[in-house]
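[1] Any chance you can model this:
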Amino acid sequence: MTDQTPPSAAPQPAAPLTEAEDRQWASFAHLGGVLGFLPSLIIWLVFKDRGSFTNTEAKEALNFQITVTIAYIALNILGVIIGAVTFGLGGLITFLVPLVWIAAVIFSILGFVKAKDGINYRYPVSIRLIK
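    Numbers count the residues shown, from 1 in each chain. A predicted model of the protein is given here:
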């Protein structure tokens with residue numbers, strides 16, 4: 001008796017996104033910025049090869065969210081250092097963190113609305129780490 005197993009099928013690449021799906025995932029990449037950089041990162045990694053609009057917009061959203069994360073970290077470190085030097089008065093800098101979050105939410109929603117309509121959105125401040 002010979003044990004012959006059928007040849008396993010090679011994984012097939014996923015089908016390209018339709019125009020509506022492309023806009024949908026691109027807009028979700030921007031809206032995910034409300035939660036941080038992970039939604040944008042996941043959407044970009046999963047859909048970058050399936051839709052050009054999603055690739056562009058998810059990279060834009062991811063770059064912005066990484067910039068916001070760097071700003072959070074820098075403000076907290078700066079607040080602690082200046083707070084230690086000025087006996088607590090410099091800790092007031094950490095009150096800027098919620099303002100950065102509010103700005104990030106507003107810009108993420110603006111990006112969501114533009115991408116939903118199929119329009120490229122560029123954040124006003126963003127370090128382009130992912131090209």
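[2] What distance do you get for Ala74 to Thr18?
    Look at Ala74 and Thr18: by Cβ to Cβ, to the nearest Å, they are 41 Å apart. C-betas here are computed from N, CA, C, even on glycine.
[3] Equivalent analysis for Glu60, please.
    21 Å.
[4] Neighbour count: those two, which is higher?
    Neighbour count, other Cβ atoms under 10 Å: between Glu60 and Thr18, Glu60 has more, with 24 against 10.
[5] Run through the residues that contact that one.
    Glu60 sits next to His30, Gly111, Asn120, Tyr121, Arg122, Tyr123, Ser126 when contact means Cβ atoms under 8 Å, 6 or more residues apart in numbering.
[6] Which of the three states applies to the last one?
    I take that to be Ser126. Using DSSP: H, G, I helix; E, B strand; the rest coil, the secondary structure recorded for Ser126 is coil.
[7] Give me the buried stretch members for the longest helix belonging to the chain, please.
    When the chain is parsed with DSSP state H, its longest helix is helix 52-85. Across helix 52-85, burial judged by 16 or more other Cβ atoms under 10 Å covers 53-68, 71-72, 75, 79, 82-83.
[8] Also stretch 90-110?
    Neighbour-count burial for stretch 90-110 flags Gly90, Ile93, Thr94, Val100, Ala104, Phe107, Ser108 (criterion: 16+ other Cβ under 10 Å).
[9] Please enumerate residues in contact with that stretch?
    The contact list for stretch 90-110 (Cβ under 8 Å, 6+ apart) reads 30-34, 61, 64-65, 68, 71-72, 75-76, 78-84, 121, 123-124.
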